[in-house]
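Trainee: requesting a structural model of the entry that follows:
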Amino acid sequence: MKKKGLRITILLLVFTVFLLLGVRWAERDNRLNLTMVRIDNSSLVDSAAIAETLRPYLGRSLLKINTDSLEAVLLTLGGVDSVSVRIEYPETIIVLFSTRAPAVLLAYSSGSVPVTRSGHVLPASWGNDQLPVIRITGTPNERVIRSALDLFIKYEFSHFVSMTVSNNAIVLVENGTRIILDPDHATENWLSWQSIREIIGHRIDEVDLRYGGQAVLRSAEET
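Mentor: All right, here's what the predicted structure looks like:
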């Protein structure tokens with residue numbers, strides 16, 4: 001039994017040595033160099049930027065490619081949520097992207113910016129005419145915009161209202177009525193409006209809900 005075990009061990013060592021020599025020979029003969037890249041699920045990610053990122057790796061030995069480092073570089077591309085790189089010998093790597101999806105356009109005076117449902121900014125080229133729009137006036141800070149976006153997404157306002165965000169207010173227009181919300185209490189204000197909407201009807205042109213739970217009503221003559 002001992003001699004049989006020794007022979008098996010020697011055979012495994014010999015096989016390992018020949019395997020390592022074969023790999024070393026293949027590498028020296030450029031048979032393990034990267035010559036092909038397969039890209040999966042890149043969606044709207046800039047293909048030119050992907051190509052430029054991968055270009056330095058072409059022709060390099062697959063044994064010398066650090067997939068973790070390559071993934072970290074690809075993750076910096078606009079719109080990429082996650083990425084994995086897998087090596088397939090003798091000459092290929094497979095890059096699998098998971099990308100973010102545009103949900104809303106933030107329309108500034110200087111141009112429109114597409115963002116995801118969670119507020120991540122995407123490349124401008126990801127915008128399209130089918131996306132709902134939140135108009136931004138003045139210079140509201142990120143907190144105010146985030147509050148407006150959360151409300152817009154939660155209640156699917158794109159189907160029946162328009163929204164404008166200013167420095168200190170979120171303004172909705174529903175059936176011709178302007179509803180002004182406090183960004184710090186946007187959801188609470190909107191629920192208050194829903195509770196009084198039927199009572200007010202169409203007699204009021206503007207409802208300001210920024211005053212500690214009180215609704216300030218204004219007609220067209222007053223505004």
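Trainee: strands of this structure, residue ranges please.
Mentor: Assigned by DSSP state E, the strands in the chain fall at 36-40, 80-88, 92-99, 104-108, 111-115, 133-136, 162-165, 170-174, 177-181, 206-211, 214-218.
Trainee: Ser82 and Ser42, how far apart?
Mentor: 12 Å (Cβ to Cβ, to the nearest Å). Any C-beta I mention is one placed from the backbone N, CA and C, and that applies to glycine too.
Trainee: list residues touching both of those two?
Mentor: Contact criterion Cβ atoms under 8 Å, 6 or more residues apart in numbering; residues shared by Ser82 and Ser42: Phe97.
Trainee: more neighbours: the two, which one.
Mentor: Per other Cβ atoms under 10 Å, whichever of Ser82 and Ser42 has more neighbours is Ser42, with 18 against 12.
Trainee: for the residue lying closest to that one once chain neighbours are set aside, what are its contacts?
Mentor: Spatial nearest neighbour of Ser42, chain neighbours left out: Phe97 (4.8 Å); criterion: Cβ to Cβ, 6 or more residues apart in numbering. Counting by Cβ under 8 Å, 6+ apart, Phe97 touches Ile39, Asp40, Asn41, Ser42, Ser43, Val45, Leu74, Val80, Ser82, Val83.
Trainee: rerun that using 6 Å as the cut-off
Mentor: By Cβ atoms under 6 Å, 6 or more residues apart in numbering, the contact set of Phe97 is Asn41, Ser42, Val83.
Trainee: mind putting those residues in CSV, pLDDT and distance to Arg210 included?
Mentor: Conversion of the contacts of Phe97 to CSV gives the following (pLDDT from 0 to 100; distance: Cβ to Cβ, whole Å):
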residue, pLDDT, distance to Arg210
Asn41, 91, 44
Ser42, 89, 44
Val83, 95, 44
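Trainee: from those residues, which single one is nearest Arg55?
Mentor: When the contacts of Phe97 are compared for distance to Arg55 (Cβ to Cβ), Ser42 wins out at 15.8 Å.
Trainee: low pLDDT regions in this protein?
Mentor: Within the chain, the stretches with pLDDT under 70 are 1-31, 159, 201-203, 220-223.
Trainee: redo that, cut-off 80
Mentor: Scanning the chain with the threshold set as pLDDT under 80 gives 1-32, 158-160, 199-203, 212-213, 219-223.
Trainee: just the helices in the protein please.
Mentor: Taking DSSP state H, the helices of the chain run over residues 2-28, 47-54, 67-74, 142-154, 186-200.
Trainee: list the buried ones in the third one?
Mentor: By 16 or more other Cβ atoms under 10 Å, the buried positions in helix 67-74 come out as Leu70, Glu71, Leu74.
Trainee: picking that back up, identify the bridge partners of the residue nearest to Ser42.
Mentor: Val83 (DSSP bridges).
Trainee: returning to what we had before: which one of the buried residues of helix 67-74 sits closest to Arg197?
Mentor: Leu74 (48.7 Å).
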